[in-house]
Each structure stands twice: as structure tokens, then as C-alpha cells.
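# fold the following for me, if possible:
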Amino acid sequence: MVRHSRRTYAFGRAVLDLLHPAAGAVDAELLLVASLLHDVALGGPVDDGVSDFQQLGAAAARDLVLAQGRTDRDAALVFDAVALHLELTGARDPRPEVAAVALGAAADVAGLRLERLDPGLVTAILTVHPREGARAGLVQAISAQVEQKPGSRVARLEREAGLLAAIAAAPFPQ
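This is a model prediction of the structure:
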């Protein structure tokens, strides 16, 4: 999941720059933190087996940001970026850090909007942060969440939008 999180950051920045070139200043550090932690509760020790993983991860990320002495505003921004990354509205959020995490995760998981990026940039990101085992790991983690938490947001995305099929159909070699 570490490479997925790094690709989320890289794709998120690239897609944000493409879709919202006037989005304003991005706090790259907060975007990186949110990207790295957006799936921290996806089947890991932070997962309580009941709550939506993105909400648990958002709380853990917020607490980490506060523990590092950052402001309540910074912590709230990271919380929202993690909590909203599965929401369709996340990609349209006016806060660029929130939008970039949603855009980057969608690009890496399902290949959304990759065709709009320069192919050389996509290749560079995938070279630095390879997808070895990514598809299988994502399918396994999402499938477990769907089974354990049928009322969760990710389970609804699977039922309503075919999330697992989108992962399988993503335009990546593996």
C-alpha cells in the first residue's frame, strides 16, 4: 500500500494541475501526509472491523498531524482529504489537497483520467513507484472490507459502481 499511496500523491498532483490549473497554492506537505495515510486503516491494525476504513484512517491521520504540532486547520484538512477520498464530491472539493487525494486514488486504483495525462509522466510515475502486486492487493483489501462491512462506503461503491470490476479493468499491466 505504500507505493499506492505514493502514486496517489503523484497522480493527484498531476491530475489536479491538469483539471484545476488555477486551484491555488497546494500545501505539498499536507497533501503528501494525506496521500500516504489515506488507506492506513484499510485492513491494518487501525481497522476496528466495523467502521468505514476511510473514517478510521482520517481520525488517525488527524491525530498524527496534531501530534506533530500542526494547526487544527491543517489537521482538519488532512482529516477531510482522507475521509472524502472515496466520495464522488471529493474530486471537486475546492480545497486542492482534498481534491488531489481523491483524484490520485481514483487514477491509481481504476485508471480514471490517466488518458488525459502525458504518457511520459504516467510512465515516470509507474517507474519510480511500480504497481507490482497492486491490483491483487487492492482487490484483496477491498473484498475483505466489502465482506466484513456490507454497510460501508466501499461496499456501496462495489454494489452501485462495480469498484472491483473497475480495479480489474484499470489500464495497467498488472
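
# neighbours around the closest residue to residue 9 other than its chain neighbours, how many?
Nearest residue to residue 9, sequence neighbours excluded (Cβ to Cβ, 6 or more residues apart in numbering): residue 35, at 3.7 Å. Glycine gets a C-beta too; all of them are placed from N, C-alpha and C. Other residues within reach of residue 35, judged by other Cβ atoms under 10 Å, total 29.

# tell me the contacts of residue 35?
The contact partners of residue 35, by Cβ atoms under 8 Å, 6 or more residues apart in numbering, come to 5-6, 8-9, 12, 81, 100-101, 104.

# which parts of the helix or strand encompassing it are buried?
When secondary structure is defined using DSSP states H and E, the element that contains residue 35 is helix 28-37. By neighbour count, and taking 16 or more other Cβ atoms under 10 Å as the criterion, the buried residues in helix 28-37 are 30-37.

# still on that earlier bit, just the contacts of residue 35: which are in helices?
5-6, 8-9, 12, 81, 100-101, 104 (DSSP state H).

# as CSV, the contacts of residue 35 with pLDDT, neighbour count and distance to residue 61 would be great.
Compiled in CSV, the contacts of residue 35 are given as follows (pLDDT from 0 to 100; neighbours: other Cβ atoms under 10 Å; distance: Cβ to Cβ, whole Å):
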residue, pLDDT, neighbour count, distance to residue 61
5, 96, 22, 11
6, 97, 18, 16
8, 97, 30, 13
9, 97, 24, 14
12, 96, 31, 15
81, 97, 29, 8
100, 96, 32, 15
101, 97, 33, 10
104, 96, 32, 15
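
# need the pLDDT of the residue nearest in space to the middle of the chain.
The structure's the chain has its C-alpha centroid closest to residue 105; by Cα atoms, centre = their mean the separation is 3.4 Å. Confidence per residue is given as pLDDT, and for residue 105 that number is 97.

# isn't it right up against residue 37?
No: counting by Cβ atoms under 8 Å, residue 105 stays clear of residue 37, with 11.8 Å between them.

# contact partners of whichever strand or helix holds residue 125?
Counting by DSSP H and E, the element that carries residue 125 is helix 119-128. Contact partners of helix 119-128, identified using Cβ under 8 Å, 6+ apart, comprise 6-7, 10-11, 14, 114, 172.

# most surrounded residue in those residues?
Among these, the one with the most neighbours (other Cβ under 10 Å) is residue 11, at 29 neighbours.

# what sits against that one?
When contacts are taken as Cβ under 8 Å, 6+ apart, residue 11 is in contact with 103-104, 107-108, 114, 117, 125.

# how about a cut-off of 7 Å?
By Cβ atoms under 7 Å, 6 or more residues apart in numbering, residue 11 lies in contact with 104, 107-108, 125.

# again with residue 90
84, 98-99, 102.

# what's the burial count for residue 111?
Residues near residue 111, counting by other Cβ under 10 Å, number 17.

# thanks a lot, see you next time.
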